[in-house]
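**Student:** everything below, folded, please.
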Amino acid sequence: MTENYTSLNDFDYELPHELIAQTPLERRDGSRLLELNADTGELHDRHFYDIIDYLNPGDALVMNNSRVLPARLYGVRPETGGHVEVLLLRQEKDDVWETLVKPARKYPVGQKIVFGDGQLTAEVIEELEHGGRMIKFHYDGIFLEILEELGEMPLPPYIKEKLADQERYQTVYSKVNGSAAAPTAGLHWTPELLQKVADKGIKLVELTLHVGLGTFRPVEEDNIDDHKMHSEFYQLSEEAAQTLNEVRANGGRIVATGTTSIRTLETIGAKFDGELHADSGWTDIFIKPGFEWRVVDAFITNFHLPKSTLVMLVAAFTGRDNILNAYKHAVAEKYRFFSFGDAMFIHH
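**Tutor:** Residues are numbered from 1 along each chain as shown. Model prediction:
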């Protein structure tokens, strides 16, 4: 796309509050699916289980197998019993984590925090900006097991309902712990539907990108070119890269599930001049109109927040007018928006 939209307001749209999905549907693949042809702007209303009709034998379906950590912890200050909320963002080394602490001002360097019945304790070792704190944890046993017991899923701020079943904020293929938020486009897949996809002759390929909370950080600059993206850790295995290269060589399409898979694939494509190789590292790629696509041919994605970098990413593929028109249609047809909402399938 040669469009050059750089104002934050270029990516705004009207969304009635009641269309923000608060809970997942009972049936994962029962969500609605809005198909968008990025070349013509044409739209079709379907259901997610119809996705099978849009995938061709010889294509590759790429999925992010990152698993969300129950990263929200509630603790107390031992001296006063004052309550504190700690959100784990990323593991720095061993038992040192970058976190967000509320209320941060009461937690200077050296302050201790107690979680549960004291089976987990922590100490603030460094102050960062925006309420960030580096924290060192102390415990006996296995940290992830303690986290599973004491932690809560860090649902996005626009979801006010409590989640009855924590597994509904995980994809059915999640296996590598490390995300602070779910790669939500993948929440629609079921094991049965993935089996149908495989039976049709489509390669199932997994990669890992650990979603950071920067995903929800609003863009504050009026000129989007001034926005600095957060970094996220990604990994693509030798086997996955080989499968994707074979699919491309044979004329198949690379179909990404979600913006996290897109970010990983396009990061690697940009690094190796359009080629795919086994790779891992940190990416802060910012995909916005004018971006040169090298790898992804089609993708599944949910409906994203107004003025978000994710709307910009989708606009880079479809053109801004096409995506805003699709969102307008979705609002009129009362689609469900954001993490637990409905999906889109976007292709050329």
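
**Student:** rest of the way, CA atoms for contacts and neighbours
**Tutor:** Fine.

**Student:** which stretches in the protein count as helices?
**Tutor:** Using DSSP state H, the helices of the chain run over 143-150, 191-199, 238-249, 258-271, 309-318, 320-332.

**Student:** contact partners of the fourth one?
**Tutor:** The set of residues external to helix 258-271 that reach it, using CA atoms under 8 Å, 6 or more residues apart in numbering, is 62-64, 183-186, 207-209, 211, 234-235, 256, 274-277, 279, 283, 285, 287, 293-296, 299-302, 310, 313.

**Student:** with just CA atoms, put it into PDB.
**Tutor:** Backbone C-alpha positions of helix 258-271 (Å, rounded to 0.1, in the frame of the first residue of the first chain) are rendered in PDB as follows:
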ATOM      1  CA  GLY A 258      -3.200 -13.100  14.700                       C
ATOM      2  CA  THR A 259      -1.000 -10.000  14.800                       C
ATOM      3  CA  THR A 260       1.600 -11.700  17.000                       C
ATOM      4  CA  SER A 261       2.200 -14.400  14.300                       C
ATOM      5  CA  ILE A 262       2.400 -11.600  11.700                       C
ATOM      6  CA  ARG A 263       4.900  -9.600  13.800                       C
ATOM      7  CA  THR A 264       7.100 -12.600  14.100                       C
ATOM      8  CA  LEU A 265       7.000 -13.600  10.500                       C
ATOM      9  CA  GLU A 266       7.500 -10.100   9.100                       C
ATOM     10  CA  THR A 267      10.300  -9.400  11.600                       C
ATOM     11  CA  ILE A 268      12.200 -12.500  10.300                       C
ATOM     12  CA  GLY A 269      11.300 -11.600   6.700                       C
ATOM     13  CA  ALA A 270      12.700  -8.100   7.100                       C
ATOM     14  CA  LYS A 271      15.900  -9.400   8.800                       C
END
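
**Student:** and the angle for that helix with helix 309-318?
**Tutor:** Interaxial angle, helix 258-271 versus helix 309-318 (axes from the mean of the first three to the mean of the last three CA atoms, to 10 degrees): 60 degrees.

**Student:** what angle do helix 238-249 and helix 258-271 make with each other?
**Tutor:** 80 degrees.

**Student:** then the second one?
**Tutor:** Angle of helix 191-199 versus helix 238-249, following the same axes, to 10 degrees, is 50 degrees.

**Student:** what comes up buried for helix 191-199?
**Tutor:** Within helix 191-199, the residues scored as buried using 16 or more other CA atoms under 10 Å are 193-194, 197-198.

**Student:** now the residue nearest to the spatial centre of the chain: how far from Phe338?
**Tutor:** For the chain, the residue sitting closest to the mean C-alpha position, by CA atoms, centre = their mean, is Pro183 at 3.4 Å. Distance, Pro183 to Phe338, using CA to CA, to the nearest Å: 11 Å.

**Student:** please name the bridge partners of Lys93.
**Tutor:** With beta bridges defined as DSSP bridges, Lys93 has these partners: Val96.

**Student:** who's in contact with His47?
**Tutor:** 29-34.

**Student:** over to Gln195?
**Tutor:** Counted by CA under 8 Å, 6+ apart, Gln195 has zero contacts.

**Student:** swap in Asp39?
**Tutor:** Contact partners of Asp39, counting by CA under 8 Å, 6+ apart, are 318, 348.

**Student:** what does Ala181 give?
**Tutor:** 68-69, 154-156, 211-213.

**Student:** could you redo the last one with a cut-off of 10 Å?
**Tutor:** By CA atoms under 10 Å, 6 or more residues apart in numbering, the contact set of Ala181 is 66-71, 89, 153-156, 169-170, 210-216, 339.

**Student:** likewise His210?
**Tutor:** 64-68, 90, 176-183, 231-235, 260, 282.

**Student:** what's the ChimeraX syntax to select whichever of those residues are buried?
**Tutor:** Per 16+ other CA under 10 Å, the buried members of these correspond to this ChimeraX selection:
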select :64,65,66,67,68,90,176,178,179,180,181,182,183,231,232,233,234,235,260
